[in-house]
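Student: For reference, the sequence and a predicted model appear below.
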Amino acid sequence: MHRVVTRTLVSFAGALALAAISAASGWAAEVWVTNMKSADVYVIDPASLKVIAIIPADKGAHNVTFSRDGNLAFTANVGANNVTIIDAVAKKVLSNVVAGHKAHHVSVSPDGKLAVASNVGTDRITLIDVAKKQAIGTLRTADGAMMSVFSADGNRLYVANARDASISVVDVKARKVKRERPRGVGMAAKEWLPGGKGTMALLPTTDWKQVWATAPAENKIVILDLAKRERVGEVDVPGEPHGVVFSPDQKLLYVVQRKLNQLSIIDVDSRKIVKSASIGKRPDMVAISPDGNSLYVVSRDENKLLVVSASGLRVIGEVAVGKEPHGVAYRK
């Protein structure tokens with residue numbers, strides 16, 4: 001029914017390993033891909049590379065995020081200014097919740113009670129009560145609210161503001177931005193973090209001492225110290241760095257270079273690119289398998305999901321998905 005193309009067979013041993021992981025967790029692992037032009041979500045079995053479900057979302061289905069327990073999925077629909085909440089087990093849409101202009105990304109609190117849509121067309125985030133499936137308010141962050149990430153304890157929310165080149169800090173319990181970005185004030189007085197031009201993806205380290213963020217307008221990955229609230233390092237990444245993901249041990253960072261049709265590996269300790277490979281046509285976002293062996297990269301102009309060997313950056317499989325894929329996430 002669905003066209004599936006495999007460039008190279010996924011190893012039998014790898015398939016068995018994934019099956020073992022799935023059996024231990026009680027359900028099969030899945031890769032979810034959001035498609036902007038077809039306004040839907042493809043759900044793919046990573047072992048067989050078969051499409052097992054197609055779920056309607058809304059115009060410009062952009063990024064997809066799961067609740068911590070994996071039971072709910074949230075798609076930010078940049079063309080419809082809303083968020084689709086999906087029962088990830090039953091593969092059924094539960095609700096479309098109105099968000100702000102150009103809803104770009106959704107983050108979910110660790111307890112699963114609060115979802116936050118970042119609205120890149122404005123300077124606001126939309127707060128969503130997950131149980132009620134409705135928006136409960138907005139907060140002003142800064143221009144171009146692109147995406148956000150909750151702290152491990154859920155008490156703080158970090159919001160990347162692309163056009164403002166900053167990261168806002170939100171007090172989640174108080175529902176308040178700790179401090180709006182002041183002008184002409186020294187760093188010690190700021191309750192926000194400097195980002196980079198076009199700041200988009202935010203990746204905290206497991207110890208929450210640093211955040212690594214893409215700055216595509218600068219062709220850099222910027223490294224931020226959360227305690228000092230300072231930019232403490234950077235990695236030159238040509239070709240508009242976009243989607244990023246750490247290896248499970250956080251020794252490596254994988255980055256998609258959208259304008260170069262390329263994927264690169266950065267060594268975290270040396271902060272240098274150690275390997276690059278051509279991949280797809282306008283690749284966008286990337287996800288990684290729990291064992292760190294496989295990467296999943298959307299090829300936007302080919303309408304494909306590419307499966308890539310994390311060690312060699314070789315394409316080992318591909319799946320035809322919807323029109324203009326953008327977001328990808330691994331449900332484990």
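Tutor: Good, I have the coordinates. Values in this document were obtained by computation on a predicted structure and should not be read as measured data. Numbers count the residues shown, from 1 in each chain.
Student: how many neighbours does residue 99 have?
Tutor: 28 (other C-beta atoms under 10 Å). Any C-beta I mention is one placed from the backbone N, CA and C, and that applies to glycine too.
Student: Surely it and residue 82 touch.
Tutor: Yes - here residue 99 reaches residue 82: they are 5.3 Å apart, a contact under C-beta atoms under 8 Å.
Student: how about the helix or strand containing residue 318: buried residues?
Tutor: Taking DSSP states H and E as the definition, one finds residue 318 inside strand 315-320. For strand 315-320, the neighbour count (16 or more other C-beta atoms under 10 Å) marks 315, 316, 317, 318, 319 as buried.
Student: Output the helix or strand just after it in PDB with nothing but the alpha carbons.
Tutor: As assigned by DSSP H and E, the chain's next helix or strand after strand 315-320 is strand 325-331. This file holds the C-alpha atoms of strand 325-331, laid out as PDB (Å, rounded to 0.1, in the frame of the first residue of the first chain):
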ATOM      1  CA  PRO A 325       8.900  16.300   5.600                       C
ATOM      2  CA  HIS A 326      10.400  18.400   8.300                       C
ATOM      3  CA  GLY A 327      10.200  17.000  11.800                       C
ATOM      4  CA  VAL A 328      11.300  13.600  13.000                       C
ATOM      5  CA  ALA A 329      11.300  12.000  16.500                       C
ATOM      6  CA  TYR A 330      12.000   8.500  17.900                       C
ATOM      7  CA  ARG A 331       9.200   7.100  20.100                       C
END
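Student: for the buried residues of strand 315-320, which one is nearest residue 212?
Tutor: residue 315 (25.0 Å; C-beta to C-beta).
Student: Give me the pLDDT value at that closest one.
Tutor: Per-residue pLDDT puts residue 315 at 98.
Student: So what pairs up with it in the strands?
Tutor: In this entry, residue 315 is beta-bridged to residue 308, by DSSP bridges.
Student: So it sits against residue 294, correct?
Tutor: No - using C-beta under 8 Å, residue 315 is not in contact with residue 294; the gap is 10.9 Å.
Student: between those two, what contacts are shared?
Tutor: Taking C-beta atoms under 8 Å, 6 or more residues apart in numbering as the criterion, residue 315 and residue 294 both touch 307, 308, 309.
Student: got the contact list for the second one?
Tutor: Spelled out, that is residue 308. When contacts are counted by C-beta under 8 Å, 6+ apart, residue 308 is found next to 263, 279, 294, 295, 296, 297, 314, 315, 316.
Student: cutoff 10 Å now
Tutor: 254, 263, 277, 279-280, 283, 286, 288, 294-297, 314-318 (C-beta atoms under 10 Å, 6 or more residues apart in numbering).
Student: which one among the buried residues of strand 315-320 gets closest to residue 148?
Tutor: Closest approach to residue 148 among these (C-beta to C-beta): residue 319, at 29.0 Å.
Student: so residue 259 sits in a helix?
Tutor: Yes - under DSSP: H, G, I helix; E, B strand; the rest coil, residue 259 sits within a helix.
Student: so how far is residue 36 from it?
Tutor: With distances taken as C-beta to C-beta, to the nearest Å, residue 259 is found 18 Å from residue 36.
Student: Between those two, which is the more surrounded one?
Tutor: Each of residue 259 and residue 36 has its neighbours counted (other C-beta under 10 Å); residue 36 has more, 22 against 13.
Student: I'd say the more buried one and residue 326 touch.
Tutor: Yes - contact criterion C-beta atoms under 10 Å: residue 36 and residue 326 qualify, at 5.3 Å.
Student: Need the residues touching each of the two.
Tutor: 60, 61, 62, 78, 284, 300.
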